Structures are given as structure tokens and as C-alpha cells.
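>>> Sequence first, predicted coordinates after that:
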Amino acid sequence: MQIFHPSTNTIAKVSIYGAVFFVAGLLWTGNEIQRSSYVTGVGVARPQPVPFSHKHHVSGMGIDCRYCHTTVETAAFAGMPPTETCMSCHSQIWAESPMLEPVRASFRTDQSIQWTRVHDLPEFVYFDHSIHVNKGIGCDTCHGRVDQMPLMWNVKTLQMEWCLECHREPERFVRPREEVFNMNWRPPVDQLTLGRELVRKYQIRKLTDCSICHR
Amino acid sequence: MAKEGQSGNPAVAEVEAPVIGPGHTYASVTDKISSIVLTRKTPRAWWIGFTITFLLTMLLLYSIGNLLVRGVGLWGVNVPVGWGFDIINFVWWIGIGHAGTLISAILLLLRQEWRTSINRFAEAMTLFAVANAALYPLMHMGRPWLAYWLLPYPNTMGTWPQPRSPLVWDVFAVSTYALVSFLFWFIGLIPDLATLRDRAKNRFVKIVYGILAMGWRGSAIHWQRYETAYLLLAGLATPLVVSVHTVVSFDFSIGIIPGWHATIFPPYFVAGAIYAGFAMVLTLTIPIRSYYGLEDFITMRHVDNMGKILLATGLIVAYGYMMETFMAWYSGSKYEQYMILNRMQGPYKTLYWALIVCNVVVPQLLWSQRVRRNLIALWIISLVVGVGMWLERFIIVVVSLHRDFLPSAWGMYRPTAWDWSTYIGTLGFFLALLFLFIRFLPMISIFEMRTLVPHPAGKARH
């Protein structure tokens, strides 16, 4: 008495052989999703209470990063400007603009503007802006060409493999200290020569101990 | 065991003869084993046993659920004893599995025919013990849902598992062991699954066993490939008998804690594993063989041989205890010496002396053939050894950790109710799986038993 149709043989072979591809496909999909901008937010502009344009303020007006992000050279947090910083200009120009109403409201009520944080590291990571800036890591190395962004987005994944890319080979990214805030600085052709020299000069070392970032 | 060659001794001649009871034919062997699965009514004792062990499995799930929600603070582990019941039971369970692999792989390669009737059962025991063992490190992690971090895969953290850590070696040792044991067990089952498929009356049962039998028709080419695959797997499994518990022992011996940092650990652990494993095989087969009337297949010779292995591995373990003590004295290190004195006279001294009684003193009874052939005595000894091997792991893990170099850092370890409920739960899970195995799969290899039936034209060997 036949229990199985002869075609079962084919089904069995295909399913065993196919399982390999199925599992491989699943792993590939997981890998792709994990690095996709859906998860990392790379290239996705975040909505903000006020559509603040770095492009306009940095490229157009020529305002230095440190005019608003005042503590970037001295503290872990680069600093978000108080509403007074905005109002130092916007009490005079665009003073009636409806787009800037949340700024004026914040100034009147003394309630901070609730910006949406774009570069958000997990709490278990210790990150300090000042050490990076002082050892010659340029703003745009991590944040990209902010001077060309009408709205803010991530250009890097902020995943650990990205951090380690530089922590393992800082000579590929380091630049002279005086060029840190220069958005137009481009690495020279012999970046590695310059980088190795700067790594020595700035005494950059031991960047891959776990406790450097996970304290 | 060297005496077996001399046939002058009547007792020895009796030992040599039967690996299968007299008067069996191919059909009677098949009938007897397959009827347990297919035709006999499920006995009341099976239902009672399965119900109890199933409830204990639920207790395990409840304990694990609580652990996941509330965290490892439920357990008695704390500084300085960070490894408690979780690691004790991990080592205990994985050790128990080793007898199955030894029986199925090494005894196969050594052409020990008497292994045939116990290998299937012992392999199942291996699988279920490994399943329980693997639970413990996962639970111990604190965040078990991140357990896949232990595997080397291209992750967004840009790191690989630390290859210098024996805990990472464990992952590979245990997962390889589980995989090879499963393949070995399943491939060994295929011809028997086909037998069940052919003998089943119910269409649904036919389909289930039919799928599992993977189209086995018993043709010559099937057998030829089967024998090759089985032998290859036996070759693969053989080093695992030694390697898995060696790696487990590295978890300890790589550390510098007195009582752990000893070169004797790998062989001492492997012997202990086989010792505990055979004790478990005896603990389980003695009642099952009587209950299902399998005395013709698991004969007194089997029981006697297992008693001998128990004695031999027990002596190796005893040698390990002796060497630990000797090396502590010989090292001249006051920490090593204190460790041994603390075992013998410290707060856990009762457990240490209980361990010596269970693992060294009681098994000496096995020198006597009368004891080895007395089922009740042997069963009790096998239970005692099981307890002794558990105590050994308790002593190694807890007593070494609770007092190390700095007296200011000393402390005590006490298991909590959750430690016990998890442990008892795994015992229940293990037995529940065995009950299911006995009910739904042939617990003795039918086709291999058939090769033991005396052939008209002389002794049959496939």
C-alpha cells in the first residue's frame, strides 16, 4: 500500500536543498535590515518644531559651529543653544515670521524648545565631544556636511562597527586641530602620512579597550 | 575485563555468552520492540510518570519565566560565588550525556556487540541531557535573548566573540556535541522508523513515521550508504566524548582560582562525565527493562559490563581527588593547601565527605560480581554515584569560589528556592522527554538487535 505519491521524492529533495537557501536568505535579510536606513536613520531628515536650516545659518550667514554649540571643545555634550541665542538675531530679523513662532513662544514662556535629537547614542556608551575635537577629529567626519543640510539628518550609522572603524585606525581620519571646524577641509592625498604623524603628535592611543566607551 | 578471554571459569563463560536471550528470531525481536510503540496499550504507570514529569516541566517553565521577568537576582549567586547551581547543573547534565556518546561511538568502533541494545536509549539520554545542560548557561547570561551574541556573525558591533575565552569554546563544544549527537541518533533511527511505518495500522501514524523514515526502503544501496554514514558519524562523535568535557573543564582550569587551576582537570572531568553518565544509564535502564520485560535484550551481561565501567571510571575519579590533594601539598602554595583543608574542614565539609563516600567508598562494592548482578544494589549504587557527581561539581564550583585569596572577600553560598525549582524542573523535563521517547520511538535498535539473532548459517554480522 503506497502511502506517499512518487512526487514526494522531489518535494523532499527540493525542501532539503531549498532549506539551505532559505536560511541563507533569512540571514542576508536580517543583515540588510540591521544596516538599512530604516533602522539607522541615515539620510532621513527628522521633523523639528522649527525647520532650522544649518545650511542657511552656516553656509549662508557664516556662523561658526561654536556660536551655538558652545561646549563642544570643553565638555562631553556639544551643547544646545538657549532660545536667547536664537533671539539675539531673531528679535530683529524675521521677527514676525510665523515659522519662528515656537522660538518666540519659548522666549516668552521660558520653556525650552523640544528639538528632536538626531544623533542619539545609547546610554551605555560614554561619548565625549571635547576629546574628539581636541585630538583632531573634524565635525564633518561624523556629522557630514552639516553646512549643506537644510534639515538635520544622520550621515553615519552610529553603530559600534562605525565607531571602531576610526578607533582601530585613527590615522585614516585625524586632521590638524586648527582644521576641525573647517567644513571644507579635505584629506590630503597622503592622509596616512599626515595621520600617523598627528596620531603621534596628539598622543592618540588605546582606543579599543572596552572601557574606553563602555564605562 | 581482561578475564573475559579465559573460558575456563564457568562464571566468565556465562558472562560472555548472552547479549540476547535464547530462542529469538528476527520476527520476535521486531515484534517485541515495536509492539511497545505500536500495539501495546499505554500502561497506566506511563501515564502517571508522564503526568508527574510533565508537571515538573511546567515548574521549570515557570521558574524560567520568572527568571526572565525578574532577573538572576532570584538565584543564590552573588559575589564571591558568582557561579552556583546554574554551572553545577550545566556540568552535571552535560557530563551525564557522555555515556551515550561513549556507548554509541566508541563501543561501536571497538566492535563491542553488547552495546547494541542500550545505545539507542543512551543516545536519547545524551540528547535530553544536553538540552537541559544548554539551558543553564543561557539562563545564567542574565539577558538570554541576546544569546546569539555568542555566535560569530557579521554584526553591527564590529566585534567577534573573544576567542581566548573558554566560555566561547564552550559554545562551539556544546553546540557541536548537540548537533552530532542528534544526527547520530536520528540516522540510527531511520531503518527502525521505516519498520514502524511498515507495521503501523493507522494511516496517520504511517505518514508520520513515513516522513521521519525519509523514504527508507532497505535496498542494498541504502544499507551501504547507511553503514558508511553511520561509521563516519561514529568517527566524528568519538573525539567529542573527550573534547566536550575537556572544554568544560577549561572553564575552570583557565581561571586562577585555587581548586580550579589544575592540569589534571580535563581527564578528571572526562572520567567523571562517563562515570555519571553510566550511572544515569543504569538508573534508567534497570527499571525500564524490568517494567517492559526486556530482560532478553538488556541481559545481565549488559548490566554487569556497565557495573564494570562504573567501577573503572570511579577509580579514575578517585585518583583525581587524590591528585588534587597531593598537588595541593606538593605545590607548597598556601592558597592551594588552604583550599583542600577548607574542603575537608570548612563550612561545606559535610558535602565533601558525602562526596567521598558516594563517589569513592560505595562504588568499591562493584568489585564483587554478586553486587554487579544484584539489580537493586546496582540501582542504588548508580543513584548514589549520580548524587556524588553532583556533589563533586558543587564542591568544585562553590567551595573553590567562596574562599579565595583575600579573607575579606570571603562569603557563603546558599541556593534559593528558585535554584531548586529550576533544578528539579530540569530533572522533570529530562524524564518527560524520556517518557515520550519510550512511548513513540523504539527504545532499542530493532535492526541491530536482529543482527544479534543466531543465523542458521553461523554468526550473523552486517
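Yes, it's here. Numbering: from 1, shown residues only, chains lettered A, B, ... in the order given.
>>> so where does the residue of chain A found nearest chain B fall, helix or strand?
When distances are taken as CB to the nearest CB, chain A approaches chain B most closely through A:Glu161, which lies 3.0 Å from it. The way it works is simple: take the backbone N, C-alpha and C, and place the C-beta from them, glycine included. Under the criterion DSSP states H and E, the helix or strand holding A:Glu161 is helix A:160-168.
>>> Name the next helix or strand following that helix along the chain.
Past helix A:160-168, further along toward the C-terminus, the next helix or strand under DSSP H and E is helix A:191-201.
>>> Around the residue nearest to A:Thr116 when sequence neighbours are not counted, how many other residues sit close by?
What sits nearest to A:Thr116 in space, not counting adjacent residues and going by CB to CB, 6 or more residues apart in numbering or on different chains, is A:Arg46, at 4.8 Å. Here the neighbour count serves as a burial measure; for A:Arg46 (other CB atoms under 10 Å in any protein chain shown) it reads 13.
>>> before we move on, what about A:Arg168?
Around A:Arg168 there are 12 other residues, counting by other CB under 10 Å.
>>> Who are the packing partners of the one helix or strand B:Ile96 maps to?
Secondary structure assigned from DSSP H and E places B:Ile96 in helix B:85-101. For helix B:85-101, the contact count by 3 or more CB pairs under 8 Å, 6 or more residues apart in numbering or on different chains; DSSP states H and E identifies helix B:116-140, helix B:166-199, helix B:220-253, helix B:265-291, helix B:375-394, helix B:417-440 as packing neighbours.
>>> Contacts for the last one next, please.
Outside of helix B:417-440, the residues within contact range by CB atoms under 8 Å, 6 or more residues apart in numbering or on different chains are B:36-37, B:42, B:46, B:49-50, B:52-57, B:59-64, B:66-67, B:74-76, B:84-85, B:89, B:93, B:124-125, B:128-129, B:131-132, B:135-136, B:139, B:284, B:288, B:292, B:443.
>>> Please spell out which residues along that helix are buried.
Neighbour-count burial for helix B:417-440, with 16 or more other CB atoms under 10 Å in any protein chain shown as criterion, is recorded at B:418-419, B:421-423, B:425-438.
>>> With the third one instead?
Neighbour-count burial for helix B:220-253, with 16+ other CB under 10 Å as criterion, is recorded at B:226, B:230, B:233-234, B:237-238, B:240-253.
>>> ditto for the first one
Within helix B:116-140, the residues scored as buried using 16+ other CB under 10 Å are B:116-137, B:139-140.
>>> Just the buried subset of the contacts of helix B:417-440, written out for PyMOL, thanks.
Selecting just the buried residues from the contacts of helix B:417-440 in PyMOL takes one command, with 16+ other CB under 10 Å as the test:
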select buried, chain B and resi 36+37+46+49+50+53+54+56+57+59+60+63+64+67+74+75+76+84+85+89+93+124+125+128+129+131+132+135+136+139+284+292+443
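>>> does B:Glu113 really touch B:Met449, like I thought?
No - proximity of B:Glu113 to B:Met449 does not meet the contact threshold set by CB atoms under 8 Å, at 10.5 Å.
>>> neighbour-wise, which of these two wins?
A count of neighbours by other CB under 10 Å puts B:Met449 above the other of B:Glu113 and B:Met449, at 24 against 15.
>>> Wait, the more buried one touches B:Phe297, no?
Yes - in this structure B:Met449 lies within contact range of B:Phe297 using CB under 8 Å: 6.2 Å.
>>> and for the two, which residues touch both?
B:20, B:29, B:33, B:117.
>>> my guess is the second one is in a helix, correct?
The reference is to B:Val29. Yes - when the secondary structure is assigned by DSSP: H, G, I helix; E, B strand; the rest coil, B:Val29 falls within a helix.
>>> Measure how buried A:Asp110 is and give me the count.
The local packing of A:Asp110 (other CB under 10 Å) involves 7 other residues.
>>> And it, what's its pLDDT?
Confidence at A:Asp110, expressed as pLDDT, is 92.
>>> quick one: it from A:Trp94, how far?
Here the criterion is CB to CB, to the nearest Å. By it, A:Asp110 lies 21 Å from A:Trp94.
>>> quick revisit: ok, the shared contacts of B:Met449 and B:Phe297 vs chain A, which is closest?
Comparing every one of the shared contacts of B:Met449 and B:Phe297 with chain A (CB to the nearest CB), the shortest separation belongs to B:Ile33, at 21.8 Å.
>>> and the helix or strand harbouring that closest one, what other elements does it pack with?
Under the assignment given by DSSP H and E, the secondary-structure element containing B:Ile33 is helix B:26-38. With contacts defined as 3+ CB pairs under 8 Å, 6+ apart, the packing partners of helix B:26-38 are helix B:166-199, helix B:417-440, helix B:446-450.
>>> Run through who's touching the shortest one.
With contact meaning CB under 8 Å, 6+ apart, helix B:446-450 is reached by B:20, B:26, B:29-30, B:33-34, B:116-117, B:119, B:191-192, B:195, B:297.
>>> What's the PyMOL line that selects buried ones from those residues?
Filtering the contacts of helix B:446-450 down to the buried ones (16+ other CB under 10 Å) takes a single PyMOL command:
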select buried, chain B and resi 20+29+30+33+34+116+117+119+191+192+195+297
